[in-house]
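Take a look and give me a structure for this.
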Amino acid sequence: MSIAGESGPPVRGVDGHHARGGLTSAQVQELTAAGRINSVPTATSRSVGDIVKANVLTLFNGVVGGCFILLLVLGQWRDALFGLSAISNSLIGIIQEYRAKRSLDQLAILQTARNTVVRDGVRESISSEELVPGDLVVLYAGDQVTADLLLCHGDQLDVDESLLTGESEPVPKTGGEVLLSGSLILAGRGMATVMRVGPETSAYRLAADARRFSLVTSEIRRGLERVFMVITWLLLPTALLLTNAQMQDQGGWAGALGSERWIPAAVGAIAGIMAMIPLGLLLMTSVAFAVGGLRLARRKVLIQELAAVEVLARVDVLCLDKTGTLSSGSMVFDALHDAGTARPTGWRSALEWFGATPDASSTAAAIGAAFPGQDPLREQDSVPFSSARKWSSATFAPGSAAAGTWVLGAPDAVLGSPGSAWAHGKAVALAGSGLRTLALAHFPDPLPPGAADNGLPQGLVPVLLLTFRESIRPDAAATLDYFRRQGVAVKIISGDDPRTVAALAGAVGFGSGSACDARTLPLDPVQLEETVEACDLFGSVTPSQKRDLIQALKRRGHTVAMTGDGVNDVLALKEADLGIAMDSASPATKAVARMVLLDGRFERLPAVVDEGRRAISNIERVSLVFLSKTVYATVISVVTGIILLAFPFLPRQLSALDGLTIGLPSFFLALQPGGQRYQPGFLRRSLAFAVPAGICTALCVLGVSGFAQSWGGQSQEAAQSGATVTLGLVAAWILVMASRPLSATKVLILAGMYAGLVLLFTVPLTQEFFRVELPPTDLLVPAVAVAAAGCLAIEFIGRTTLRRAASGGRKRLGPLTLEPASGEGEGRNAGHRDGPASI
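Residues are numbered from 1 along each chain as shown. You can find the predicted model right below:
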């Protein structure tokens, strides 16, 4: 199938006359000096400097960096440990985005190639980048077309345009037709004139949209951005309130600034500001995705962007390009069929000869595999196959095992004699089922002179009909069945004939009936959405239509993954929420895809889904802890700022608690196995627990701190230690809630956390460094009692949240889960859930 709109008038030489002598050196120099050469710009929309600025010069990095530098200037380096987390976040973001940019920079549809051209009447070999409009190019079988060419009159070629159109059949080209850049010459030889070069070629225009830089759509990333937006609005007014409160606690602005008492006030204000920013959540998210990428790399799956691990865990529509995913792209012999006449002896020897003869397509190889011959017969004469005549022949000597002439080719070309009507009708029926069909006919004598050009004689006798089908990947059926059980809608979108698509889908147990012919797709967006929802098989789809189908699915609220291997898939892969390239994919396809199956095994996808589930489930667990911390830190900062209370902690004390109750345990929790089928609403689920749990924690801390400072007569150090005890115990219980259901590994993690809390308050080195100590008994008892009450309240909050989820028809709300037994939800109930089906 040729791409519509690519034909045009013949391009003549610069002097206005097309000649077999090609351009002159002077004409080439003139065009080259004007910049009309076959090179393409490689710049992307974001430079390395832009990437670094985007990841470093952010509001939060500005706040964190300013606080970090201020503490270092004040000599309080022990309170500046939070700076390491910010540096890690920026480095991971820069590396991740640079990898995506580098892969797009390396985007090259055309492999490095050389072309034979005629200049000044002499043939010479030049780099494809040196081609100019009007150049006369000499083409041979196996050559790659590196610019848009116009085939000279009188020449005939067979061209493979599968990377551009998705059609696996060779396309015959005759004089006056256009050869598109990115196609491959399969058979024949000829000359062509260069029409378009560089950015004007069809291959470059097809890849232009793919070069737009973009990050994969991540619900987790989007949810965190919303949280950070709220924190951004709260940060400045909270910082002003908190700074004023700390100054007032140190004797007022005048007294504090007139002495060194403003230093502890500044440290307290910085502690409150930094506690509001969930820096560790970004880090743990990146770590979870990175570890998922490493695990998948061991399974020969390349992740080009970390967040892609998450996306496949929530896709509800998987679009497959037939060739390279369900099929390997090669042809295999299917069956022999009677042609309505007695088979003459020698038909097997004839097929052995055709199978042993080199051929442009994979048909000869399929025949050779089905009918191997140790010593094929020697022919007296033969006519090679061409797509123009659609047949080939071999003539054997009288008295040999296959005497006479045997013709193998398309039924329309071979079965033209009056006695072939029945065989022709059967061939039409077989071809209509999606099978590639060839006819074998016999003629008792050598072909008449000129038969190759004038046509076959009328006396041909039909012998056999041969059918072929595309080789199906052995893992295709099981993988499709897996996705069906998971409630994921699978749609096959191919550039091949709809009948071929339907036949292949039927062979793997997918679909029933015919495929939708994309040439009849409605142009109205709403009607297109309805069509793509109703139909699962599409054939004769152009590259732009693939993109339109993906866009229609996304408009209907679906999360779409797309697999492909050709340049014709590039636009759709870029548009999909997740693009997956096979190992046989073109360089352009691999560069645009977020995920590459390096060994081309379609069966890898279920493992990728499991890894995505694990990552997103564990990140959701971790988010409960970090968002709870953000809530209670914000509440504590706002309340202390309003009532002019000293901030209850030093930055280093919060860093210690963050490491013991959030950071280190969360790191290990983010790497735990398992993972449920994903439900949309990550942020809503997390905040449903984090907001009440955070408020409860803040009230506990404020109660203990207020008691110690106002009524308990305790020193500031004792008050800080009492608040640290309370926060440590309550925050630890939040981690316990987020870790459920417990396993042996999780119990060990939690036990290590509690042991760390004990060591924090009992080891002299940690006591001195973090300025903590066991509070006096009259403060320790209330601190522990309030913490116990807070733990009970958080337990109630967690169970209440879970009951609300269950009454709403869900079995699961994030990590707070009533775990179903393994395999529950699959099979007949796999598709029953709220909203669109998702993994």
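
Count residues in the vicinity of Ala789, would you?
Neighbour count for Ala789, taken as other Cβ atoms under 10 Å: 15. (C-beta placed from N, C-alpha, C; glycine too.)

Tell me who's in contact with the residue lying closest to it once chain neighbours are set aside.
Spatial nearest neighbour of Ala789, excluding adjacent residues (Cβ to Cβ, 6 or more residues apart in numbering): Cys700 at 7.2 Å. Listed by Cβ atoms under 8 Å, 6 or more residues apart in numbering, the contact set of Cys700 reads 726-727, 730, 786-787, 789-790.

Determine how far the helix or strand Cys700 falls within lies from the middle of the whole chain.
Cys700 is part of helix 682-706 when elements are defined by DSSP states H and E. Distance of helix 682-706 from the chain centroid (Cα atoms, centre = their mean, to the nearest Å) equals 37 Å.

Which strands and helices lie in contact with the helix or strand where Val138 lies?
Assigned by DSSP H and E, Val138 belongs to strand 136-139. For strand 136-139, the packing partners by 3 or more Cβ pairs under 8 Å, 6 or more residues apart in numbering; DSSP states H and E come out as strand 114-119, strand 184-196.

out of those, deepest packed?
Stretch with highest mean neighbour count among those: strand 184-196 (a mean of 21; mean count of other Cβ atoms under 10 Å).

Now do that one: which elements does it pack against?
Going by 3+ Cβ pairs under 8 Å, 6+ apart, strand 184-196 lies up against strand 136-139, strand 148-151, strand 156-160.

Now the helices and strands packed on strand 136-139 in a markdown table, please, with extra columns for distance to Asn244 and mean pLDDT.
Compiled in a markdown table, those are given as follows (distance: least, Cβ to Cβ, whole Å; pLDDT from 0 to 100):
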| stretch | distance to Asn244 | mean pLDDT |
| --- | --- | --- |
| strand 114-119 | 74 | 87 |
| strand 184-196 | 68 | 83 |
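
Give me the neighbour count for Gly22.
Using other Cβ under 10 Å, Gly22 has 24 neighbouring residues.

now swap in Glu603 and tell me
Around Glu603 there are 15 other residues, counting by other Cβ under 10 Å.

Could you measure from it over to Ala476?
In this view, Glu603 and Ala476 are 8 Å apart by Cβ to Cβ, to the nearest Å.

Tell me which of the helices and strands packed on strand 136-139 sits nearest to Phe668.
For the helices and strands packed on strand 136-139, proximity to Phe668 was assessed by Cβ to Cβ; strand 184-196 is nearest, at 51.5 Å.

tilt between that closest one and strand 114-119?
Going by axes from the mean of the first three to the mean of the last three Cα atoms, to 10 degrees, strand 184-196 is angled at 50 degrees with respect to strand 114-119.

start at 11 instead
Sounds good: first residue 11 from here, last item strand 194-206.

Output strand 194-206 as PDB, restricted to C-alpha atoms.
Provided in PDB are the C-alpha atoms of strand 194-206 (Å, rounded to 0.1, in the frame of the first residue of the first chain):
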ATOM      1  CA  LEU A 194      14.000  -1.500   0.800                       C
ATOM      2  CA  ILE A 195      14.500  -2.800  -2.800                       C
ATOM      3  CA  LEU A 196      13.700  -6.600  -2.800                       C
ATOM      4  CA  ALA A 197      14.000  -7.500  -6.400                       C
ATOM      5  CA  GLY A 198      14.900  -5.900  -9.800                       C
ATOM      6  CA  ARG A 199      17.200  -3.100 -10.800                       C
ATOM      7  CA  GLY A 200      16.700   0.300 -12.200                       C
ATOM      8  CA  MET A 201      17.400   4.000 -12.000                       C
ATOM      9  CA  ALA A 202      15.500   6.800 -10.100                       C
ATOM     10  CA  THR A 203      15.700  10.500  -9.800                       C
ATOM     11  CA  VAL A 204      16.000  12.200  -6.400                       C
ATOM     12  CA  MET A 205      12.800  14.100  -5.600                       C
ATOM     13  CA  ARG A 206      13.100  15.200  -2.000                       C
END
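
Now do that strand: distance to the chain's middle.
Here strand 194-206 is found 35 Å from its chain centre; the criterion is Cα atoms, centre = their mean.
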